[in-house]
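Asks: let's see this in three dimensions:
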Amino acid sequence: MFLSMIIPGPKNPGKKLDVFLRPLIDELKKLWLDGVNTYDIYRKENFQLRAALMWTISDFPAYGMLSGWSTHGKLSRPYCMEHSKAFRLKHEGKITFFD
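Replies: Sure thing, here's the model as predicted:
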């Protein structure tokens, strides 16, 4: 299991997140397509190791950057989509959810 974390500092990468993820994506593609010759100490033989990214864990802003989904406004919750019970506050104009 590998854990990769991006801490961009005071400014988040926004739409430039792919620049940070490019090396990880390239390595994962290589590990999936070609694999890496690896030694199994228990069986005392070599095997072709392959790897895949199964899931990511992100906070909501990072989820928006990774998925390309807008995390602002009435449709900000992708699992609700158009079934959201969101509404705009009368005086502040902010989107609110009561589920």
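Asks: what's opposite the nearest residue in space to Lys30 that is not next to it in sequence in the beta bridge?
Replies: In this structure, Lys30 finds its nearest non-sequential neighbour in Val36, 7.9 Å apart by C-beta to C-beta, 6 or more residues apart in numbering. No exception for glycine: its C-beta is placed from N, CA and C like everyone else's. Under DSSP bridges, the beta-bridge partners of Val36 are Leu49.
Asks: quick one: Val36 and Ala51, what's the gap?
Replies: To Ala51, Val36 is 8 Å away according to C-beta to C-beta, to the nearest Å.
Asks: biggest helix in the chain by residues?
Replies: helix 17-33 (DSSP state H).
Asks: and it, which residues are buried?
Replies: For helix 17-33, the neighbour count (16 or more other C-beta atoms under 10 Å) marks Leu17 as buried.
Asks: Met65: neighbour count?
Replies: For Met65, the neighbour count with other C-beta atoms under 10 Å is 21.
Asks: and if you look at Leu89?
Replies: Neighbour tally, Leu89, other C-beta under 10 Å: 9.
Asks: what are the phi and psi angles of it?
Replies: Main-chain torsions, Leu89, degrees, to the nearest 10: phi -60, psi 140.
Asks: let me see the domain layout of the protein.
Replies: Per automatic domain parsing, the structural domains of the chain span 16-53, 55-99.
Asks: least reliable of those going by mean pLDDT?
Replies: Of all the domains of the chain, the minimum mean pLDDT falls on domain 55-99 (a mean of 69).
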